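Asker: my questions concern the predicted model and sequence given below.
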Amino acid sequence: MKALITDSIHPILMQDLEARGIPCTYLPEISQPEVEALIGDFQILIINSKILVDAFFIDKAASLKIIGRLGSGLEIIDLKYAAEKGITVFNSPEGNRDAVGEHAIGMLLALFNQLNKAHQDVVACSWDREARRGEELKGKKVGLIGYGNTGKAMAQKLSGFEIDCFFYDKYLENETSPYAKQVTLEYLQEQAEVISIHLPYNTETHYFFNKDFFDKCKKPFYLINTSRGKILNTKDLLEELISERILGACLDVFENELPGSSTAEENLIFTNLANSDKVQLSPHIAGWTYQSKFKLAKTLSDKIASIL
């Protein structure tokens, strides 16, 4: 067997594979067309997010047996067609769940305490403390939508803040957790003062968070999205921020993450978000730590080893 690795990874993955007698071709800068030209010679493919593994790609991958996805999102892989071709697909959400949970809470605390503006004030020798009075997380009702790896990790990390934490997950029944209680979506929309998104992206979750969803929320709330940009209708979000039905938003992901490809409308929406004191932004780095780089690679290595 041979492995093709198409993105930057921690060396532990190559070390483990090669220790099992699997030579690795490491091409972190390779493009989609270049992968398609080479893939016929490989049995293992390691990807992050730039390579689309659709039916066209899979038909070119005549020898492919295993796909390893660094991270959680599987929307870039045609899972049904891969299964029909006998290809085993692994992802590794266990590897960066702690990083995502910490980042989401960090963004929320930065927003609550106006840390970006406070930093700018001090740099400008301004000392208007009253203008930067913060908001406390303690005592808040926090609703998590999706209770997989990242949802559970965030709930665990929130447990020290003395909050009321609950979650909604359509695909879990009678789930028990020491950190959060399971509730209906209606209960979450009635009670939550902070809502954090932890859903995979697919046709069912596209624009799951839109005007209709927001209309059903009974309290003004803060929104956190560290999952996928297209789960959230950004235009609707901006309107809710302007009306103050949403008090603030922490966004690590965006509908369009290809620099230079935004439409005029997308640019206008983004400019309004970027200039708002009620918004905290980061460039899709919630799971991007030195520790998660190792854990993502090791998780995939262990999963691949389990079937070799």
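Answerer: Looks like it came in fine. Numbers count the residues shown, from 1 in each chain.

Asker: so who does the residue nearest to Phe209 when sequence neighbours are not counted touch?
Answerer: The shortest distance from Phe209 to any non-neighbouring residue, by CB to CB, 6 or more residues apart in numbering, is to Leu232 (4.5 Å). For every residue, glycine as well, the C-beta is placed using N, CA and C. Leu232 makes contacts with Ile197, Tyr207, Phe208, Phe209, Asn210, Leu223, Asn225, Leu251, Glu255, as judged by CB atoms under 8 Å, 6 or more residues apart in numbering.

Asker: OK, contacts around the closest residue to Glu244 other than its chain neighbours?
Answerer: Distances taken as CB to CB, 6+ apart place Pro220 nearest to Glu244, at 6.5 Å, with adjacent residues excluded. Residues in contact with Pro220 (CB under 8 Å, 6+ apart) are Glu193, Glu244, Arg245, Ile246, Leu247.

Asker: let's see 7 Å
Answerer: Glu244, Arg245, Ile246, Leu247 (CB atoms under 7 Å, 6 or more residues apart in numbering).

Asker: quick check: phi and psi at the first one.
Answerer: Dihedral pair for Glu244: phi 70, psi 20, per degrees, to the nearest 10.

Asker: in terms of pLDDT, where does it sit?
Answerer: pLDDT recorded at Glu244 is 96.

Asker: quick check: the residue nearest in space to the middle of the chain vs Leu79, distance?
Answerer: Centroid check for the chain by CA atoms, centre = their mean gives Ser227 as the closest residue, at 2.9 Å. Per CB to CB, to the nearest Å, Ser227 is found 18 Å from Leu79.

Asker: go on, Gly139?
Answerer: 42 Å.

Asker: now Lys303
Answerer: 16 Å.

Asker: ok, now Gln182?
Answerer: 27 Å.

Asker: with Glu266 instead?
Answerer: From Glu266 to Leu79 the distance is 29 Å (CB to CB).

Asker: count the residues that sit near the nearest residue to Tyr26 once chain neighbours are set aside.
Answerer: Nearest residue to Tyr26 in three dimensions, chain neighbours excluded: Ile5, at 4.8 Å (CB to CB, 6+ apart). Look at Ile5: counted by other CB atoms under 10 Å, it has 24 neighbours.

Asker: so for Ile5, what's the pLDDT?
Answerer: pLDDT, Ile5: 97.

Asker: right, and it touches Cys24 too?
Answerer: Yes: assessed by CB atoms under 7 Å, Ile5 is found in contact with Cys24 at 5.8 Å.

Asker: now do the residue nearest to Leu52 when sequence neighbours are not counted, the pLDDT please.
Answerer: Excluding its sequence neighbours, the residue lying closest to Leu52 (CB to CB, 6+ apart) is Ile76, at 5.3 Å. Looking at Ile76, its pLDDT reads 94.

Asker: now do the contacts for Ile76.
Answerer: Counted by CB under 7 Å, 6+ apart, Ile76 has contacts Ser49, Leu52, Val53.

Asker: swap in 8 Å and give it another go.
Answerer: Ile47, Ser49, Ile51, Leu52, Val53, Arg69.

Asker: number of nearby residues for the residue nearest to Ala192 when sequence neighbours are not counted?
Answerer: Leaving aside its chain neighbours, Ala192 sits nearest to Gly143 (3.4 Å; criterion: CB to CB, 6+ apart). Applying other CB under 10 Å, we find 24 residues neighbouring Gly143.

Asker: and after the helix or strand in which Gly143 is found, which helix or strand comes next?
Answerer: Using DSSP states H and E, the element containing Gly143 is strand 141-145. On the C-terminal side of strand 141-145, the closest following helix or strand by DSSP H and E is helix 149-158.

Asker: how about residues contacting the next helix or strand along the chain from that following helix?
Answerer: Proceeding N to C from helix 149-158, the next assigned helix or strand is strand 164-168, under DSSP H and E. Contacting residues not belonging to strand 164-168 are listed as 139-147, 151, 155, 158-159, 175, 177, 179-185, 187-188, 191-192 [CB under 8 Å, 6+ apart].

Asker: can we see that at 10 Å?
Answerer: 139-147, 151-152, 154-156, 158-159, 175, 177, 179-189, 191-196, 198 (CB atoms under 10 Å, 6 or more residues apart in numbering).

Asker: only the buried subset of the residues you listed, as a ChimeraX command please.
Answerer: Buried residues among the contacts of strand 164-168 (16 or more other CB atoms under 10 Å), as a ChimeraX selection:
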select :140,141,142,143,144,145,146,147,151,152,154,155,156,158,177,179,180,182,183,188,189,191,192,193,194,195,196,198
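
Asker: quick check, Ser196 in a strand?
Answerer: Yes: looking at Ser196 with DSSP: H, G, I helix; E, B strand; the rest coil, it is inside a strand.
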